[in-house]
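J.: below are the sequence and a predicted model; questions follow.
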Amino acid sequence: MLELQGITQIFGGVTALNDVSFSIHADQITGVIGPNGAGKTTLFNIVTGIYQQTRGQVIFEGSDISGIPVERLAAKGMVRTFQNIELFGQMTVLENVMVGLHSKSKSGLFACSFKAPWAITEERRIREEAHEWLRFVGIEQLADVQASNLPFGKGRMLEIARAMACKPRLILMDEPAAGLNSQETVGLAELIRKIRDLGVTVVLVEHDMELVMDICDRIVVLNLGQKLAEGTPREIQDNPEVIAAYLGDDE
Ligand SMILES: Nc1ncnc2c1ncn2[C@@H]1O[C@H](COP(=O)(O)OP(=O)(O)OP(=O)(O)O)[C@@H](O)[C@H]1O
């Protein structure tokens, strides 16, 4: 579904990624892990068009998407969430999801703002669909709250609802558990599984090893800008090189 081929990223004198290749399989949850500075965020930024890699190719469903900006990737079926949640703070929770749906609707924001009859029906449909996504992530009761007033954990759920409203085939999540308490992290794990079970491929960069080992079907380990290992959670946990470079740090 997504293939990274020989990705190299050099910033000035720093080689952040050095010839990294791996594939993301459809309908699976893949975790990208590694110590601080391993190159995880850089890799996400390359896949989502924020950085243009020095060398290598990013292939999504058979076509090269290198350098395509994130807004255009959503139309191709790929969305991402950010480590620092990015919401429209002055809008309500519901409106934050509706914005994403409007950008895909036939009538668009212009017709809606002039209340054309077909746009009113469309508006009703979009509102209902937005409610469904809020229900899906478990925050429907907060639909009318201003987004800037949301507690952090709920904001993260909203960001995921908004991304899912784009009906992606692939969702990339940058440290989705960062800042969540343990109860919220359990809820996040359930939600990520539910997303996978809808047939959406999930890739996450994450530091919470318990979460990664619990939910991922596959794990890719980066270290010092290179791929150190890939495999199932069990294979990764038993890999001596991974233990030495990373997992062993906690012991
Ligand atoms: N825009 C940039 N300019 C220069 N160097 C950068 C830039 N972005 C990242 N780097 C360097 O590239 C390397 C990889 O950084 P990156 O943020 O991708 O690692 P990471 O695995 O995401 O780390 P963390 O877990 O701390 O978020 C680091 O040495 C970092 O200092």
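T.: Cool, got the structure. Numbering: from 1, shown residues only.
J.: separation between residue 54 and the ligand?
T.: Noted for residue 54: a distance of 12 Å to the ligand, by C-beta to the nearest ligand atom, to the nearest Å. Every C-beta, even on glycine, is put in place using the N, C-alpha and C of the backbone.
J.: that residue is in contact with residue 9, isn't it?
T.: Yes - taking contact to mean C-beta atoms under 8 Å, the distance of 5.4 Å between residue 54 and residue 9 places them in contact.
J.: which one of the two has more residues nearby?
T.: It is residue 9, of residue 54 and residue 9, that has more neighbours when counted by other C-beta atoms under 10 Å, with 22 against 15.
J.: pLDDT of the host helix or strand of the more buried one, averaged?
T.: With elements delineated by DSSP states H and E, residue 9 resides in strand 2-11, which encompasses its position. In this model, strand 2-11 has an average pLDDT of 95.
J.: what's the closest non-adjacent residue to residue 51?
T.: Nearest residue to residue 51, sequence neighbours excluded (C-beta to C-beta, 6 or more residues apart in numbering): residue 45, at 4.5 Å.
J.: ok but that neighbour is inside a helix, no?
T.: Yes - secondary structure of residue 45 (DSSP: H, G, I helix; E, B strand; the rest coil): part of a helix.
J.: surely it meets residue 52?
T.: No - in this structure residue 45 lies outside contact range of residue 52 using C-beta under 8 Å: 9.7 Å.
J.: so between those two, which is more surrounded?
T.: The residue with the greater number of neighbours, taking residue 45 and residue 52 and applying other C-beta under 10 Å, is residue 45; the counts read 18 against 10.
J.: just the CA coordinates of the helix or strand containing residue 32, formatted as CSV?
T.: Under the criterion DSSP H and E, the helix or strand holding residue 32 is strand 29-33. Included here for strand 29-33 are C-alpha records, laid out as CSV according to Å, rounded to 0.1, in the frame of the first residue of the first chain:
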residue,chain,number,x,y,z
ILE,A,29,-1.4,-1.3,12.1
THR,A,30,2.3,-0.6,11.7
GLY,A,31,4.3,1.1,14.4
VAL,A,32,7.5,3.1,13.7
ILE,A,33,9.6,3.2,16.8
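J.: need the contact partners of that strand.
T.: The contact list for strand 29-33 (C-beta atoms under 8 Å, 6 or more residues apart in numbering) reads 24, 40, 43-44, 192-193, 196, 201-207, 209, 212, 215-222, 236, 246.
J.: for ChimeraX, what selects the buried ones among those residues?
T.: Applied in ChimeraX, the following selects the buried portion of the contacts of strand 29-33 according to 16 or more other C-beta atoms under 10 Å:
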select :24,40,43,44,192,196,201,202,203,204,205,206,209,212,215,216,218,219,220,221,222,236,246
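J.: restricted to strands, list the contacts of strand 29-33.
T.: Judged by DSSP state E, the subset of these located in strands is 24, 201, 202, 203, 204, 205, 218, 219, 220, 221, 222.
J.: who are the neighbours in contact with the fourth one?
T.: Right, the one you point to is residue 203. Residues in contact with residue 203, defined by C-beta under 8 Å, 6+ apart, are 2, 24, 29, 30, 31, 32, 170, 171, 172, 173.
J.: filter these to the buried ones?
T.: When those are checked for burial by 16+ other C-beta under 10 Å, the buried set is 2, 24, 29, 30, 31, 32, 170, 171, 172, 173.
J.: chain neighbours aside, what residue packs nearest to residue 130?
T.: For residue 130, the spatially nearest residue (C-beta to C-beta, 6+ apart) is residue 97, at 3.9 Å.
J.: which element is that neighbour on?
T.: Applying DSSP H and E, one finds residue 97 within helix 93-102.
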